[in-house]
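*Asks:* Got a sequence here, can you model it:
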Amino acid sequence: MSTTHRTPVLGLCCLVAGGLLVAAANGAAASSSDRRSPTTAVTAASSGPSVDRRLAAREIRTLRDSRPDRDRGRFTSEQNVFLPSTIALADLESPGLANATLPLYTGTGPSGERVHYILTEASDYTAARRLGVNYAPKLANGAGTGGDQQVTVERGRLRFKGAVDFSPERVLTAGPAGSPFPPAAAQPGAVADGEWSSLVVLPSGIVLNAQVVANATGLHDRVISVDHEARTVQLQLLDGWQGGDRYYYHLVTDSSDPVAATIELGVYAPRLAKLPAFGRSEPTDDSALLGFSPTANGETGAGNPDRQGLNSTIVDDDRDPVNVFPLDPDNRARKDNNYSPLWDAHVSMWTDAAIAAGQRRVITGFDDLEQLVDAGLLGSFAGSTGRANEFVGGLRATGIIINCPVIAQPFEGQDRAPQGPRY
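*Replies:* Have a look, this model is predicted:
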């Protein structure tokens, strides 16, 4: 049996005062190959809980047994798929249509109800390999911080303490003419309770990135279809830039901020805001987060090749903001691994002088971002009072987390990627 989900039509609603909106009120803004390789090992054993190996083996076996048999697709090296458990990819040449089919797990909610979720990362190398997910050792730094969710295993299923409500109608209303971002109103299409976090800690101490995508209240806004018989879910992918290459495809699951969750069609999960540590992205930092950079006021226009920015999503019919990322997942790197799907938002803003001079364009990677900051064309988003982070060109952290597991980067390193229809 299959079900299909459509994103709700936007309407009018009262203002949701998230961190991005509050920040805006304070004033105006004055790669693998793209980032240097980390030199210090980050492993699950270096911080966070110790792992009970015997218990972990039972947990992994339980999760593997609950996956569909057809749990891995056949992909070419050119498709550059990072998430090993990906079953299928489609429309990779067409941002806005690109999607991934992933295994669908069944779990139990806090009241004993059935829920369905996906797994995309693990803090433990062995668990990541056996579950077919991305290896993200930095996740271990979030365990026991209050931003995590401790789960149990009951009757072969994960039992979550937190819950997600998919019933709200998503609302996104542009700000004043000429300044659509921050929005005048933002209401996420899904809201988690105070117990929910996608950073899930198993009884063994292993940390997973898990997101409920379907329950009795509805479906995640990024879900295209669910096949309960095959135990799979098809999800819309988002485009991005990394290392000078476009088509850095990822999912958005949830965010610590209601405005970011609304713009990115994710779940608003306030508990995530307790995770450490904003503005700290180096492998030596005790942080579960990794810096990335959306831009606030890039070029707009559905057919504009330089279209990019949170403002564009608001005025260009929900087209994705095409954010800038620092590096690929590297699932072979047991040590020296700095990847995390918990992206620490360092929002950039084109200066008035850059806009007046017609120098605004698409930002293609972290090296490009840093050069634009050094040239005085980009600065931190208005009101970003967080720590200045040299990892992200010296931009300041906004204090907002967006959970974006990375799936694939086809055409990486090619001079010209195919340019299919955008939507």
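
*Asks:* Quick check: pLDDT value at the most centrally placed residue in the chain.
*Replies:* Centroid-nearest residue in the chain: Cys404, 1.3 Å away (criterion: Cα atoms, centre = their mean). You'll see Cys404 listed with a pLDDT of 98.

*Asks:* Make 9 the starting number, not 1.
*Replies:* Renumbered: residue one is now 9, and that last one reads Cys412.

*Asks:* can you tell me how far the closest residue to it other than its chain neighbours sits from Glu129?
*Replies:* Leaving aside its sequence neighbours, Cys412 sits nearest to His258 (Cβ to Cβ, 6 or more residues apart in numbering; 4.5 Å). Bear in mind the C-beta positions are built from the backbone N, C-alpha and C, glycine included. Distance of His258 to Glu129, given as Cβ to Cβ, to the nearest Å: 12 Å.

*Asks:* re earlier: which residues does the residue nearest to Cys412 contact?
*Replies:* Leu245, Leu246, Gly248, Phe333, Pro349, Cys412, Pro413, Val414, Ile415 (Cβ atoms under 8 Å, 6 or more residues apart in numbering).

*Asks:* mind redoing it with 7 Å?
*Replies:* Leu245, Leu246, Gly248, Cys412, Pro413, Val414, Ile415 (Cβ atoms under 7 Å, 6 or more residues apart in numbering).

*Asks:* Leu147 and Asp265: what is the separation?
*Replies:* Between Leu147 and Asp265 the computed distance is 20 Å (Cβ to Cβ).

*Asks:* what's Ala224 in contact with, if anything?
*Replies:* Glu121.

*Asks:* Count the neighbours of Leu245 for me.
*Replies:* 26 (other Cβ atoms under 10 Å).

*Asks:* From Leu100, how far off is it?
*Replies:* 8 Å.

*Asks:* any shared contact partners between these two?
*Replies:* Joint contacts of Leu245 and Leu100 (Cβ under 7 Å, 6+ apart) are Ala106.

*Asks:* The helix or strand harbouring Ile232: which residues count as buried?
*Replies:* Per DSSP states H and E: Ile232 is located in strand 231-235. Buried residues in strand 231-235, counted by 16 or more other Cβ atoms under 10 Å: Val231, Ile232, Val234.

*Asks:* what's the closest residue to Ser74 other than its chain neighbours in contact with, if anything?
*Replies:* Nearest residue to Ser74, sequence neighbours excluded (Cβ to Cβ, 6+ apart): Tyr113, at 5.7 Å. Tyr113 is in contact with Ser74, His124, Tyr125, Ile126, Leu127, counting by Cβ under 7 Å, 6+ apart.

*Asks:* hang on, the last one packs against Val141?
*Replies:* Yes - using Cβ atoms under 7 Å as the test, Leu127 is close enough to Val141 to be in contact (5.4 Å).

*Asks:* rewinding a little: show me which of the contacts of Tyr113 has the smallest pLDDT value.
*Replies:* Confidence-wise, Ser74 trails the rest of those, at 84.

*Asks:* How about the contacts made by that one?
*Replies:* Tyr113, Thr114, Gly164.

*Asks:* Now do the contacts for Leu216.
*Replies:* Leu127, Glu129, Ala130, Val208, Leu210.

*Asks:* before we move on, what about Ala135?
*Replies:* Per Cβ under 7 Å, 6+ apart, neighbours of Ala135: Ala64, Ile68, Ile214.
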